[in-house]
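[1] Following is a predicted model, sequence given first.
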Amino acid sequence: PAVRPPRRLFPRPATAIVLRAATMHASPALQTRAAPRCHAKAAGRAPAAPHVSAGDGDGEGAWDEALRAHVYSARYRPNNADAARVILATAVPLAALYGALAMAGPWMGAKLAIGGGSAPLSSVAAMVVTFTLLVLARAALFVRSFMLLHDAGHGALFPSPALNRGATWALSFLVLTPADWPAKHRRHHGAAGNLAAQDAPWSDTVFVTSAERAAMAPLPRALMDAGRYPPVFFVLAPALVWFFRYRMPVQLDTFSGRLAWAPHNVVNTLGAALWMAGVYHLAGPLALACELLAAYVGAAVGLALFHVQHAYNPADAEGATAESAAGKRAYGVRENWSARDAGLKGSSHLLVPGALARYVTLGIEYHHIHHFKTSLPCYKLRACHDEAPEGLWDGVTELGARGVWSALWNTRYNESTGLYE
């Protein structure tokens with residue numbers, strides 16, 4: 001049945017759009033449908049053909065059947081052994097990092113004490129470099145830990161729902177994210193790229209179409225443009241969301257204009273405060289400073305990743321030319337939306353270079369598969385991509401460094417051209 005649009009306290013596209021630019025998720029009261037699920041009967045079957053693509057002459061039937069058979073294969077289901085492995089591969093470096101921070105604090109203090117409260121320039125430089133490297137390492141583990149939370153929230157980390165709920169709660173304190181975030185995030189999977197969605201935002205980082213922006217009054221439009229200017233947005237939004245919005249006991253759902261009690265924010269803030277107090281007590285003030293700075297850096301990286309996984313143009317694709325991109329449109333529809341298309345046409349495959357970077361992203365670069373089947377665990381995404389029948393991912397957009405940089409500057413969607421601007 002059709003879902004009635006919620007009544008709004010603020011008109012759109014004007015004040016509410018400006019407010020939503022600073023916040024990105026709605027209250028639990030407005031949680032709606034999850035992405036449609038594919039037929040489970042396809043699980044475990046072998047690919048239908050050695051080469052199949054969406055553009056085959058016999059239509060999409062064979063491609064769709066092969067896609068479902070491959071992605072729903074039993075070998076890509078969650079299992080406890082692999083889940084324990086990826087958690088251990090996160091926990092051990094994290095413990096080692098806290099140990100390094102505990103030793104770095106006294107070392108820096110001794111350097112300053114020897115110099116009577118000051119230190120030679122070379123020692124200062126060494127301390128700055130050391131602290132910067134520790135912050136970057138902690139930020140990398142913040143991103144990886146968030147990917148584990150993301151998987152647990154989708155019920156994909158462990159086979160057991162109870163273990164996934166427990167992991168969600170435990171990880172939520174580590175990444176300063178309320179435990180109800182996954183429930184809100186599922187709205188994204190039910191509406192990504194659907195411009196006609198009335199019960200969820202069609203994008204969490206692009207707030208208006210070009211037509212909506214043009215219809216705004218001058219002041220709201222100027223405020224929205226200033227706040228959504230990429231250097232401003234990607235610097236301020238992580239702080240506003242993780243350090244302000246997620247700490248408030250009451251939240252304004254800027255999509256509906258309603259205020260809602262946010263008990264998970266309160267619990268997360270109290271739990272995070274206890275965690276920070278423990279870090280300070282066991283590893284010292286340097287570790288606490290590192291923890292807070294790394295959370296900000298990690299949140300900024302995660303937000304940028306989230307944006308480029310959806311807000312890109314055909315010309316941003318790796319190897320694309322003006323001729324090959326001519327006439328193609330970025331994914332954004334008002335009719336015939338499907339979870340399959342939102343995944344394979346509206347989600348990118350990021351070409352993450354190097355084992356270290358892939359350790360941090362933990363498979364989220366295969367976003368096209370994740371959006372098609374959210375219960376496929378992060379530790380199986382790469383295998384699912386690499387072992388697919390030839391041609392299965394031909395329609396998926398691959399983004400390299402050039403494409404990622406270009407996509408970061410996309411701030412609105414033009415329905416007339418079908419491109420982000």
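    Great, that's in hand. Quick caveat: nothing in here was measured; it's all calculated off a predicted structure.

[2] pLDDT weak spots in the stretch 251-400 of the chain?
    Low-confidence segments of the stretch 251-400 of the chain, defined by pLDDT under 70, span residues 254-257.

[3] any idea which residue sits dead centre in this protein?
    residue 306 (3.8 Å; Cα atoms, centre = their mean).

[4] Please enumerate the strands of the stretch 301-421 of the chain.
    349-350, 398-399, 413-414, 419-420 (DSSP state E, counting those that start in this stretch).

[5] Give me whichever of those is most buried.
    strand 349-350 (a mean of 23; mean count of other Cβ atoms under 10 Å). Quick note: C-beta positions are derived from backbone N, CA and C, even for glycine.

[6] outside of it, which residues touch it?
    For strand 349-350, contacts defined as Cβ atoms under 8 Å, 6 or more residues apart in numbering pick out 305, 308-309, 361, 364-368, 385, 393, 396-399, 404.

[7] burial measure for residue 128, as a count.
    10 (other Cβ atoms under 10 Å).

[8] One more: residue 212?
    So residue 212, with other Cβ under 10 Å, has 18 neighbours.

[9] For it, give its distance to residue 202.
    11 Å (Cβ to Cβ, to the nearest Å).

[10] so the residue nearest to the centre of the chain touches residue 204, yeah?
    Yes - with contact defined as Cβ atoms under 8 Å, residue 306 counts as touching residue 204 (7.0 Å).

[11] and the closest residue to residue 384 other than its chain neighbours, what is it in contact with?
    Once flanking residues are discounted, residue 384 sits nearest to residue 76: 5.0 Å by Cβ to Cβ, 6 or more residues apart in numbering. Residue 76 sits next to 376, 377, 380, 383, 384 when contact means Cβ under 8 Å, 6+ apart.

[12] Quick check: closest non-adjacent residue to the third one.
    With sequence-adjacent residues excluded and distances taken as Cβ to Cβ, 6+ apart, residue 380 is closest to residue 76, at 4.5 Å.

[13] And the pLDDT for the one you found?
    In the predicted model, residue 76 carries a pLDDT score of 96.

[14] so what's the residue lying closest to residue 210 once chain neighbours are set aside up against?
    Setting aside the residues directly before and after it, residue 210 is nearest to residue 414 in space (Cβ to Cβ, 6+ apart), at 4.2 Å. With contacts defined as Cβ under 8 Å, 6+ apart, the neighbours of residue 414 are 209, 210, 420, 421.

[15] If we use 10 Å, what do you get?
    By Cβ atoms under 10 Å, 6 or more residues apart in numbering, the residues touching residue 414 are 209, 210, 211, 213, 329, 330, 332, 420, 421.
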